[in-house]
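K.L.:
No sequence on hand, only this structure:
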């Protein structure tokens, strides 16, 4: 295993190859090498250093979990920029979904005394759906987010992940089936609420 000095001298492609093999040193060097430019990109949108740090951290965590699917021939810099951009768009979309959910809940409320309760319920159910997505296997989770939340087509996901489009389609289908099954098993929540969340995410039962 290369030492720290050797690691720091390697090109991105070499680091990615070591990273795929499970090298924590290569992973650390890639993080150190790309953290600042990715943070800069994030802060242009998020206007918040803590949120920007969280996004970059989460992207690298996903990279570690899915490292075996990386293509060392592909530009790592370009790939992580895409992942960060998608994460930012997901944050914005998630915030928009929550806002629209609360608006719908308040408009549907019979009287003003139920407004606070409706808002809490809406927030809880958006969190529940996010938790269900997080419970998916790493590859299915990534494809589900790209397809249903970031609204990429199967073809775009195939190109992004360097994966055959049939594999993308299969993983997307499996992920959706698991999400639907888990949601319907939550008998303690209002089914109309579940339907609303899925409509907002453009997922149809």
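P.N.:
Looks like it came in fine. Keep in mind that this is a model prediction, so the values were computed, not measured.

K.L.:
The closest residue to residue 34 other than its chain neighbours: which element?
P.N.:
Spatial nearest neighbour of residue 34, chain neighbours left out: residue 80 (5.7 Å); criterion: CB to CB, 6 or more residues apart in numbering. In short, each C-beta sits where N, CA and C put it, glycine included. In this assignment (DSSP states H and E), residue 80 forms part of helix 76-108.

K.L.:
Can you show me the helices along this protein?
P.N.:
Assigned by DSSP state H, the chain shows helices spanning 4-8, 12-20, 24-46, 49-65, 76-108, 115-134, 138-144, 154-161, 165-185, 191-200.

K.L.:
Now the last one: average pLDDT?
P.N.:
Taken as a whole, helix 191-200 has an average pLDDT of 54.

K.L.:
how does the chain divide up, domain by domain?
P.N.:
Segmentation of the chain into domains, based on automatic domain parsing, reads 1-73, 75-205.

K.L.:
May I have the phi/psi pair for residue 164?
P.N.:
phi -50, psi 140 (degrees, to the nearest 10).

K.L.:
can you pull the contacts of it?
P.N.:
residue 158 (CB atoms under 8 Å, 6 or more residues apart in numbering).

K.L.:
I'd assumed residue 83 was in contact with residue 145.
P.N.:
No. Residue 145 sits out of contact with residue 83 when judged by CB atoms under 8 Å, with a separation of 10.5 Å.

K.L.:
Considering the domains of the chain, which stretch scores lowest in mean pLDDT?
P.N.:
Averaged per stretch, pLDDT over these is lowest on domain 75-205, reaching a mean of 69.

K.L.:
wait, residue 53 sits on residue 39?
P.N.:
Yes. Under the criterion of CB under 8 Å, residue 53 lies in contact with residue 39, with a separation of 6.8 Å.

K.L.:
who's in contact with residue 29?
P.N.:
Applying CB under 8 Å, 6+ apart, one finds that residue 29 lies in contact with 7-8, 10, 15.

K.L.:
Is it possible to mark the buried ones in those residues?
P.N.:
Neighbour-count burial within those applies to 7, 10, 15; the criterion is 16 or more other CB atoms under 10 Å.

K.L.:
Now flag whichever of the residues you listed is closest to residue 176.
P.N.:
Each of the buried ones among the contacts of residue 29 was checked against residue 176 using CB to CB; the closest is residue 15, at 34.8 Å.
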